[in-house]
Every structure is written in C-alpha cells, then in structure tokens.
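Novice: Would you be able to build a 3D model of this:
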Amino acid sequence: MKYLLVFTACSMLNNQCLDTLSTGKTFTSFRECSIAGYEMILDQAHRFPPLKYEADLPAFLFDCIPFKTDEA
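Specialist: Numbering: from 1, shown residues only. Prediction:
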C-alpha cells in the first residue's frame, strides 16, 4: 500500500476552500505521509505574510490517500 499526499487551502474568514490538489508525493507508510503533511502545512504557514495571515485566517489541510500498487 502507498499513500498520496493531497493538500487543501481554506479560508476561515469566508468558510470556503480551494479544490484539493495532489502534491504528487507518494509514501510507503501512512506515518511518513502524515509527517510530510504536517511539515508542508508548517512551511505554508511560515510563507504566508504575517498580516495577511491574520486578515485571511487561512486553514491548511492535508490527507494521505491510500492506493494499491502492482509492486509486490
């Protein structure tokens, strides 16, 4: 089983989210995928300008979608 990391950006200000996007990153364990997801969210929060962050109230969400591969 592998896991695909997907990402969604939302605004708590207007309760709307952008379409979920695939990061294109796959992982061999749910744990690895989850850690990468949390690191990605932290990176996004740090990239957001502080005043804009407070004004827009962004929420960054991720999920690890399981999928089967033909690999043994």
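
Novice: May I see the buried residues of the biggest helix by length in the chain?
Specialist: For the chain, the helix that runs over the most residues, judged by DSSP state H, is helix 30-47. Residues Cys33, Ser34, Ala36, Gly37, Met40, Ile41 are the ones in helix 30-47 that count as buried (16 or more other Cβ atoms under 10 Å). C-beta: built from backbone N, CA, C; applies to glycine.

Novice: Verify the stated contact: the last one with Phe62.
Specialist: Yes: at 6.2 Å, Ile41 and Phe62 qualify as touching, with contact defined as Cβ atoms under 8 Å.

Novice: Show me what the longest helix of the chain is packed up against.
Specialist: Helix 30-47 sits against strand 2-11, strand 21-27, strand 58-67, with contacts defined as 3 or more Cβ pairs under 8 Å, 6 or more residues apart in numbering; DSSP states H and E.

Novice: any idea which of those strands is most buried?
Specialist: strand 2-11 (a mean of 17; mean count of other Cβ atoms under 10 Å).

Novice: what's the angle between that one and strand 21-27?
Specialist: Interaxial angle of strand 2-11 relative to strand 21-27 (axes from the mean of the first three to the mean of the last three Cα atoms, to 10 degrees): 150 degrees.

Novice: now strand 2-11, how far from the chain's geometric center?
Specialist: Distance of strand 2-11 from its chain centroid, counting by Cα atoms, centre = their mean, to the nearest Å, is 4 Å.

Novice: before we move on, back to that, save the helices and strands packed on helix 30-47 as CSV, and put in mean pLDDT and distance to Phe48 too.
Specialist: Compiled in CSV, the helices and strands packed on helix 30-47 are given as follows (pLDDT from 0 to 100; distance: least, Cβ to Cβ, whole Å):
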stretch, mean pLDDT, distance to Phe48
strand 2-11, 96, 10
strand 21-27, 96, 17
strand 58-67, 96, 6
